[in-house]
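J.: below is the sequence, then the predicted model.
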Amino acid sequence: MKKLEMGANISVENSEDYSTGSWRKDIPIVQNKEEVSNNPKIAMFCPEAAIKFVNGVFSHIDYKYCKGCGICARELPNAIVMRKG
Amino acid sequence: MTGGDAVAYAMKQINPEVVSAYPITPQTPIIEGFSKYYADGEVDTELIDVESEHSAMSLCIGASAAGARVMTASSSQGLAYMFEVIYAAAGLRLPIIMNVGNRALSAPINIHCDHSDTFPLRESGWLQVYNENVQEVYDTNFIGLRIAEKVNLPIMIMQDGFYTTHSVQEFNTLKDSDVKTFIGKPPKRDTLFNKKITMGSFALQDSYYETRIQLHRAMESARDVIPLVQKEFAKSFNRKYDLFEAYKIDDAEYVVVVVNSTAGIIRKSVDSLRKSGKRIGMLKIRFFRPFPYKEIRHLLAGKRVLVLDRNTSFGSELSPLATEIKASVDVDLVNVVFGLGGRDFYQEDADKVLAKFLRNQIKKFEFYGYRDDLEF
């Protein structure tokens, strides 16, 4: 059970512990990994920096922090789609 | 000393880490007195001048959040100015100690005594205690500090503006070492300096409600803490304080309820009426928050009650003090409003009102002491 602290204090050691992925309603699904790799600028569009590139190639979306805002799907509509959940 | 000087002296003995206040009559002797101790190097306090009471309370919140023992003082318009931050202090559960010299609220501007400044703040979540005289307000600073730090709620300590703040009375002080021993070190709590926390967060519809219940529980827990602290004070310093003063109530048929300095003359009236065989007593409320409704229900059951309010709630059948009493105990209650804006209430006024009370001639709600030579 989640605990409510006195004064609604939030004890999170640092921002890495703060899982913004819990805020999600819709989830981005990558349907075309190659197209994402060909558009590395997409990583900068993500407000949570959740689109991970390794050695210049698209790796994965970090769903621990992805808030489901849909910006990536809007920018690369043929590569990324938003699904419920 | 005056009540103002006595509080300044109590603050000096407490030696809080931070004080931030803005001057307003009749609180000024408190902070001027403390400023002198500060200027003379007699305290270790960080005394911070700010541009308004809103800023003063904001600064107190910041300092308290960082773990400091914090004190401040205000009255009337100053209190009103810090309204939103007063609620923040309680919501953030910070044990800030604020002394208040009760003064009327504007408009029109009036710098004299009535209780309209602190009664509206009864909803805020602050502990509230009213003090009759210099001895009480001095002692209650130490008692109040202990209670506030135990339950993690801020506390407001009241005394009548001018009648107590500016009147010189004899009283017994405590030794510096005794004060240090009694108040001790602040108990451990989460602060910005000892834990990685966010204070002052946002709570949506999904969690705000529960924080209010937490605050409610803390206020309720104070009911047990207050008598313990006051008992300890009595043991160490031989001065007994209770949630209220029940004066000759046991066998009384009639009881007068009052707060602050007016209790002094009511007590005298009660004594002289008792001499002529009238069974009358006085209930002087000290702790107004938490309100001792259980004890009052027991104490006033079956009595005829007169509540003297030095403030009023426009549009309500009764004034605030009377409303709280009536809500606690279902008795034959009448309410007299007096002394607004520093209209003096002398011994003869008390005698007159109490005599009328004993003749059962007071209406449910009445204003006493207004002029008949003024068209209004």
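T.: Perfect, thanks for sending it.
J.: so what's residue 23 closest to, chain neighbours aside?
T.: All of this is about chain A. A:K67 (5.0 Å; CB to CB, 6 or more residues apart in numbering or on different chains). All C-beta atoms are positioned from the backbone trio N, CA, C, and that covers glycine.
J.: please go with chain B instead
T.: Using CB to CB, 6+ apart and skipping residues adjacent in sequence, the residue nearest B:P23 is B:I31, 6.0 Å away.
J.: I'd like to know how far the one you found sits from B:D160.
T.: 18 Å (CB to CB, to the nearest Å).
J.: looking at the two now, which is surrounded by more residues?
T.: Counted by other CB atoms under 10 Å in any protein chain shown, B:I31 and B:D160 do not tie: B:D160 has more neighbours, with 31 against 28.
J.: in the chain, which spans are helices?
T.: No chain was given, so I picked chain A. A:33-37, A:42-45, A:71-75 (DSSP state H).
J.: hm, I was asking about chain B
T.: Going by DSSP H, chain B shows helices at B:3-14, B:28-39, B:53-65, B:76-81, B:83-91, B:134-151, B:176-183, B:208-237, B:262-275, B:293-300, B:320-328, B:347-358.
J.: any chance of CSV for those, columns mean pLDDT?
T.: Formatted as CSV, those follow (pLDDT from 0 to 100):
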stretch, mean pLDDT
helix B:3-14, 98
helix B:28-39, 97
helix B:53-65, 98
helix B:76-81, 97
helix B:83-91, 97
helix B:134-151, 98
helix B:176-183, 97
helix B:208-237, 97
helix B:262-275, 97
helix B:293-300, 96
helix B:320-328, 97
helix B:347-358, 97
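J.: make CSV out of these and add distance to A:A79.
T.: Putting the helices of chain B into CSV (distance: least, CB to CB, whole Å) gives the following:
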stretch, distance to A:A79
helix B:3-14, 66
helix B:28-39, 66
helix B:53-65, 46
helix B:76-81, 56
helix B:83-91, 46
helix B:134-151, 57
helix B:176-183, 66
helix B:208-237, 40
helix B:262-275, 78
helix B:293-300, 66
helix B:320-328, 65
helix B:347-358, 84
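J.: neighbours of the closest residue to B:R279 other than its chain neighbours, how many?
T.: Distance criterion CB to CB, 6+ apart; nearest residue to B:R279, sequence neighbours excluded, is B:E253 at 4.4 Å. B:E253 is flanked by 12 other residues according to other CB under 10 Å.
J.: any idea how far chain B is from the residue most central in space within chain A?
T.: Nearest to the mean C-alpha position of chain A, by CA atoms, centre = their mean, lies A:C66 at 2.2 Å. Distance of A:C66 to chain B, computed by CB to the nearest CB, to the nearest Å: 20 Å.
J.: which ones are touching the spatially closest residue to that residue that is not a sequence neighbour?
T.: In this structure, A:C66 finds its nearest non-sequential neighbour in A:A50, 4.3 Å apart by CB to CB, 6+ apart. Neighbouring residues of A:A50 by CB atoms under 8 Å, 6 or more residues apart in numbering or on different chains: A:I61, A:D62, A:Y63, A:K64, A:Y65, A:C66.
J.: pLDDT added to the residues you listed, as JSON lines?
T.: Formatted as JSON lines, these follow (pLDDT from 0 to 100):
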{"residue": "A:I61", "pLDDT": "97"}
{"residue": "A:D62", "pLDDT": "97"}
{"residue": "A:Y63", "pLDDT": "96"}
{"residue": "A:K64", "pLDDT": "95"}
{"residue": "A:Y65", "pLDDT": "96"}
{"residue": "A:C66", "pLDDT": "96"}
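J.: just the buried residues of the residues you listed.
T.: Using 16 or more other CB atoms under 10 Å in any protein chain shown as the burial test, the contacts of A:A50 include A:I61, A:Y65, A:C66 as buried.
J.: now the last one: phi and psi?
T.: Note on A:C66: its backbone torsions stand at phi -60, psi 120 [degrees, to the nearest 10].
J.: what residues does chain A have near chain B?
T.: With CB under 8 Å from any CB of the partner chain as the criterion, chain A meets chain B at residues A:L4, A:E5, A:M6, A:G7, A:A8, A:N9, A:I10, A:S11, A:V12, A:E13, A:N14.
J.: min pLDDT across these, which one?
T.: For those, the weakest pLDDT value sits at A:E13, with 71.
J.: and for the nearest residue to B:A301 once chain neighbours are set aside, the neighbour number?
T.: For B:A301, ignoring the flanking residues on the chain, the nearest one in space by CB to CB, 6+ apart is B:V329 at 6.2 Å. B:V329 sits with 19 neighbouring residues when counted by other CB under 10 Å.
J.: how about the strands in chain A?
T.: A:26-30, A:51-54, A:57-61, A:80-84 (DSSP state E).
J.: would you turn the residues of chain A next to chain B into TSV with neighbour count?
T.: Output for the residues of chain A next to chain B, formatted as TSV (neighbours: other CB atoms under 10 Å in any protein chain shown):
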residue	neighbour count
A:L4	14
A:E5	16
A:M6	14
A:G7	25
A:A8	20
A:N9	19
A:I10	15
A:S11	12
A:V12	12
A:E13	10
A:N14	7
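J.: grab the nearest non-local neighbour of B:R239.
T.: Once flanking residues are discounted, B:R239 sits nearest to B:D139: 6.0 Å by CB to CB, 6+ apart.
J.: near chain A, which residues of the stretch 1-150 of chain B are found?
T.: Going by CB under 8 Å from any CB, the residues of the stretch 1-150 of chain B near chain A are B:G91, B:L92, B:R93, B:L94.
J.: surely the first one touches A:M6?
T.: It refers to B:G91. No - with contact defined as CB atoms under 8 Å, B:G91 does not count as touching A:M6 (10.2 Å).
J.: that older thread, closest to B:I296 among the buried ones among the contacts of A:A50?
T.: A:Y65 (54.9 Å; CB to CB).
J.: surely that closest one touches A:S22?
T.: No - using CB under 8 Å, A:Y65 is not in contact with A:S22; the gap is 9.8 Å.
J.: how close does B:Y208 get to B:S201?
T.: Counting by CB to CB, the gap from B:Y208 to B:S201 is 11 Å.
J.: name the residues contacting each of these two.
T.: A:A8.
J.: any idea how far chain B is from the closest residue to A:K52 other than its chain neighbours?
T.: Spatial nearest neighbour of A:K52, chain neighbours left out: A:S59 (4.5 Å); criterion: CB to CB, 6+ apart. Look at A:S59 and chain B: by CB to the nearest CB, they are 30 Å apart.
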